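Asks: Whatever this is, show me its structure:
(one chain, ligands or ions: 1)
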Amino acid sequence: MQARLALPLWIHAFEPVSAALRAKVAAALEQAGLQPEAPGAVPAGFGLALIDGVDSAVLERVRTLAASASVLAIAVGARAPATADMWALLEAGAFDVLSWTDASGDAAQVRARLERRDALQRLADSPAVCNCLVGVSPAWRALVRSVVEVAAFTESPVLITGETGTGKDQIAQLIHRLGGRGELTVLDCTTLTPELAGSELFGHERGAFTGAANARDGAFALADGGVLFLDEVGELPLPLQAQLLRVLQEHTYKRVGSNTWQHSRFRLVCATNRSLEEDVANGRFRADLYHRIAAWRCRTPPLRERSDDVLPLARHFLALLAGPGVACEFDDAVREFLLLRQYPGNVRELRQTVSRLWYRHSGPGPITIGDLAPDERPARGAVAPCWPDVRFESAIREAIDLRIGLARISQAAADIAIQLVLEQEGDNNQRAALRLGVTDRALQIRRKAWAEAH
Ligand SMILES: Nc1ncnc2c1ncn2[C@@H]1O[C@H](COP(=O)(O)OP(=O)(O)OP(=O)(O)O)[C@@H](O)[C@H]1O
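Replies: Purely as a prediction, here's the structure:
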């Protein structure tokens, strides 16, 4: 038997999978060093969904399980599921779909996948990631997981796209930290002029051009053994794009004024806030270069797509400003202001907003709305509650991320509203109906349908 894997692992067998088959799978997994159990009330950690046939009920259940745990779907039926069903299981949140063929390698396959997933999760939750990169939203967490995977398990070039201030630079630094390679050499492509670019990138020999009093290393030499980060790569002029092709492909180049090929082994990370696909389509960016730099792509989502991250980020920036051991918080009104404000400059703008609050603030005590500079305060009249607001949008986004359909979202919103109003009105149907803007009878029908469904 292999060494035990200390993973909380549960097994959920879907109808019509028999208890005997479940026990057989569990025994094989135990042989492979796993310790399967039944799922708890809120399944966490890792889980196996044993399925024999896929229908909407199975998909719905997988969706619920995957909301709080990492789910691996295992098809145990005599026939492998149709490809469309496999995709549907992934869509529902399973991280992979395997077939159980009753062969000796099946349990080993399961274990290998769980180990990899566990290693990824540990890295994503490690101080190397969490101490610098803050974010709790599903969109941010999915990005971090994919970046951790590409950084720690591959050597491929990575292209990071995203609006300004969304953390592309931070992600490049994370790839460098996790990759365990030498130095990080950063080159801002907006600063490359046609005259200087050759020397900046490739270096030059002494006397190669007027003013070249000494030989000098360029970015490719400096990046040897480490990571080369080409920031704003979309701004590279076309002639320079052509010059980069060979070195990115072959890792060889010549210094300006030299005929000798030099070698440099580096990992390439590029970032841009442009759509390079569009630039390729309209001839602004070379397609061959694009395919070399974009072996892996990731996108840093704008802050408006992850409003759950606003307060954690704001608290993080405040803690950095306050320094170690100094507790400082925002009061409720400031929290609301921060949540409802728009951030066209994304995280950078949020950081600057927090800095301005901090420098106007005189402690002790929380940051209060008086700490907001007068020109930043919401205009009079603009503070009336606006609905639907970003919090509502965030809840809906979460439902969409969980791939919940429109009918269920609308139904759930209506059910919650009815429940809340009934509570407030002491279960008085007539008053609740009045407040909800529906007839007494309509509310009764809905309540009856709800009671029957639950
Ligand atoms: N997830 C995060 N956690 C903590 N700080 C962050 C995060 N994302 C961004 N920041 C901070 O926001 C600011 C902007 O981030 P960064 O420079 O990485 O953005 P960018 O996308 O590279 O911007 P640009 O396109 O303008 O170069 C920095 O101060 C960075 O520290």
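Asks: Residue 155: what's it in contact with?
Replies: Contacts for residue 155 were tallied using C-beta atoms under 8 Å, 6 or more residues apart in numbering; they are 179, 267. To be clear about C-beta, it is placed using only N, CA and C from the backbone, and glycine gets the same treatment.
Asks: Helix, strand, or coil at it?
Replies: Here residue 155 is recorded as coil under DSSP: H, G, I helix; E, B strand; the rest coil.
Asks: tell me the phi and psi of it?
Replies: Per-residue torsions, residue 155: phi -120, psi 10 (degrees, to the nearest 10).
Asks: just the one 10 residues further on next, same as before
Replies: The phi and psi values for residue 165, taken as degrees, to the nearest 10, are phi 70, psi 20.
Asks: same question, residue 308
Replies: Here is the backbone geometry of residue 308 (degrees, to the nearest 10): phi -60, psi -20.
Asks: Just want to check the distance between it and residue 397.
Replies: To residue 397, residue 308 is 9 Å away according to C-beta to C-beta, to the nearest Å.
Asks: Poorly predicted segments of this protein, please.
Replies: For the chain, the stretches flagged by pLDDT under 70 are 1-6, 39-42, 208, 379-386.
Asks: what about the strands in it?
Replies: With DSSP state E as the criterion, the chain has strands at 9-13, 36-37, 46-51, 70-75, 96-99, 158-162, 184-188, 227-231, 252-254, 261-263, 267-272, 296-300.
Asks: Spell out which residues of the stretch 301-450 of the chain are next to the ligand.
Replies: With C-beta under 6 Å from any ligand atom as the criterion, the stretch 301-450 of the chain meets the ligand at residues 313, 316, 347, 348, 351.
Asks: Excluding residues flanking it in the chain, which one is nearest the residue nearest the centre of the chain?
Replies: Here the mean C-alpha position of the chain is nearest to the C-alpha of residue 143 (C-alpha atoms, centre = their mean), at a distance of 2.2 Å. Residue nearest to residue 143 in three dimensions, not counting chain neighbours: residue 298, with 6.0 Å by C-beta to C-beta, 6 or more residues apart in numbering.
Asks: Give me the distance between the one you found and the ligand.
Replies: In this view, residue 298 and the ligand are 12 Å apart by C-beta to the nearest ligand atom, to the nearest Å.
Asks: ok, that residue touching residue 144?
Replies: No. Taking C-beta atoms under 8 Å as the definition, residue 298 is not a contact partner of residue 144, at 9.6 Å.
Asks: hang on, the earlier thing: now the strands of the chain as a markdown table including distance to residue 202 and mean neighbour count?
Replies: Putting these into a markdown table (distance: least, C-beta to C-beta, whole Å; neighbours: other C-beta atoms under 10 Å) gives the following:
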| stretch | distance to residue 202 | mean neighbour count |
| --- | --- | --- |
| strand 9-13 | 52 | 21 |
| strand 36-37 | 57 | 16 |
| strand 46-51 | 48 | 25 |
| strand 70-75 | 46 | 24 |
| strand 96-99 | 44 | 18 |
| strand 158-162 | 22 | 23 |
| strand 184-188 | 12 | 18 |
| strand 227-231 | 12 | 24 |
| strand 252-254 | 5 | 16 |
| strand 261-263 | 8 | 14 |
| strand 267-272 | 15 | 25 |
| strand 296-300 | 26 | 19 |
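Asks: which residues touch the residue lying closest to residue 305 once chain neighbours are set aside?
Replies: Leaving aside its sequence neighbours, residue 305 sits nearest to residue 139 (C-beta to C-beta, 6+ apart; 5.7 Å). By C-beta under 8 Å, 6+ apart, the residues touching residue 139 are 301, 305, 306, 397, 401.
Asks: Buried ones among these?
Replies: Among these, those buried by neighbour count (16 or more other C-beta atoms under 10 Å) are 301, 305, 306, 397.
Asks: Now the stretch 351-454 of the chain against the ligand: closest residue?
Replies: Nearest residue of the stretch 351-454 of the chain to the ligand: residue 351, at 5.1 Å (C-beta to the nearest ligand atom).
Asks: And for that residue, the neighbour number?
Replies: Residues lying near residue 351 (other C-beta atoms under 10 Å) number 20.
Asks: Count the neighbours of the closest residue to residue 134 other than its chain neighbours for me.
Replies: For residue 134, ignoring the flanking residues on the chain, the nearest one in space by C-beta to C-beta, 6+ apart is residue 316 at 4.4 Å. Applying other C-beta under 10 Å, we find 20 other residues in the vicinity of residue 316.
Asks: May I ask you to confirm that residue 316 is in contact with residue 132?
Replies: No. Here residue 316 does not reach residue 132: they are 9.4 Å apart, not a contact under C-beta under 8 Å.
Asks: quick one, what contacts the residue nearest to residue 358 when sequence neighbours are not counted?
Replies: Nearest residue to residue 358 in three dimensions, chain neighbours excluded: residue 321, at 4.5 Å (C-beta to C-beta, 6+ apart). With contacts defined as C-beta under 8 Å, 6+ apart, the neighbours of residue 321 are 354, 355, 358.
Asks: How much space separates residue 321 from the ligand?
Replies: 12 Å.
Asks: And that residue, how close does it get to residue 63?
Replies: For residue 321 relative to residue 63 (C-beta to C-beta), the value is 41 Å.
Asks: do residue 161 as well
Replies: Counting by C-beta to C-beta, the gap from residue 161 to residue 63 is 29 Å.
Asks: How about the contacts made by residue 112?
Replies: Applying C-beta under 8 Å, 6+ apart to residue 112 gives no contacts.
Asks: Could you measure from it over to the ligand?
Replies: Computed as C-beta to the nearest ligand atom, the residue 112 to the ligand distance reads 31 Å.
Asks: Against residue 102, how distant is that residue?
Replies: To residue 102, residue 112 is 18 Å away according to C-beta to C-beta.
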